[in-house]
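>>> What shape does this take:
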Amino acid sequence: MQYLFGVAAILAGVGLILKTEWIIQNFGQSAWAEEHFGYSGGTRLMYKTIGIIIIFFGFLLVTNLLQGFLMATLGKIFIH
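Below you'll find the model as predicted:
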């Protein structure tokens with residue numbers, strides 16, 4: 001089941017990267033992204049960055065490395 005979710009996440013990330021302009025035309029620009037990432041391109045950068053992060057976590061799901069990655073990065077916060 002994790003393979004299916006991983007592949008779906010990868011495809012969603014790729015779609016987000018490839019269809020950034022369509023998303024901006026239909027949903028508008030993000031004022032927060034334009035302020036923090038730069039003018040006339042901050043929203044595009046934000047969508048593409050989110051897409052890359054989704055692809056990264058999708059590959060972690062497919063390769064069964066998600067739990068190890070989360071324990072290595074965030075596990076120290078929750079374990080006493």
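
>>> give me the low-pLDDT residue ranges for the chain?
For the chain, the stretches with pLDDT under 70 are 80.

>>> For S40, grab the count of nearby residues.
8 (other C-beta atoms under 10 Å). (C-beta placed from N, C-alpha, C; glycine too.)

>>> any chance you could read off phi and psi for the nearest residue to it once chain neighbours are set aside?
In this structure, S40 finds its nearest non-sequential neighbour in E34, 7.7 Å apart by C-beta to C-beta, 6 or more residues apart in numbering. For E34, the backbone dihedrals (degrees, to the nearest 10) come out as phi -70, psi -30.

>>> Same question for stretch 60-75: list its buried residues.
Judged by neighbour count using 16 or more other C-beta atoms under 10 Å, the buried positions of stretch 60-75 are 60-62, 66.

>>> ends of that stretch, how far apart?
16 Å (C-alpha to C-alpha, to the nearest Å).

>>> residues making contact with it?
Stretch 60-75 has contacts (C-beta atoms under 8 Å, 6 or more residues apart in numbering) with 2-3, 5-7, 9-10, 57.

>>> TSV for these, including neighbour count and distance to T73?
As requested, the contacts of stretch 60-75 are exported to TSV (neighbours: other C-beta atoms under 10 Å; distance: C-beta to C-beta, whole Å):
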residue	neighbour count	distance to T73
Q2	12	19
Y3	11	23
F5	14	20
G6	20	18
V7	14	23
A9	20	18
I10	18	20
F57	17	12
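
>>> what's the farthest-apart pair in the residues you listed?
Using C-beta to C-beta, the pair of those lying farthest apart is Y3 and F57, separated by 13.7 Å.

>>> The closest residue to A12 other than its chain neighbours: what's it in contact with?
Spatial nearest neighbour of A12, excluding adjacent residues (C-beta to C-beta, 6+ apart): I54 at 5.8 Å. Contacts here follow C-beta under 8 Å, 6+ apart; on that basis I54 touches 9-10, 12-13, 16.
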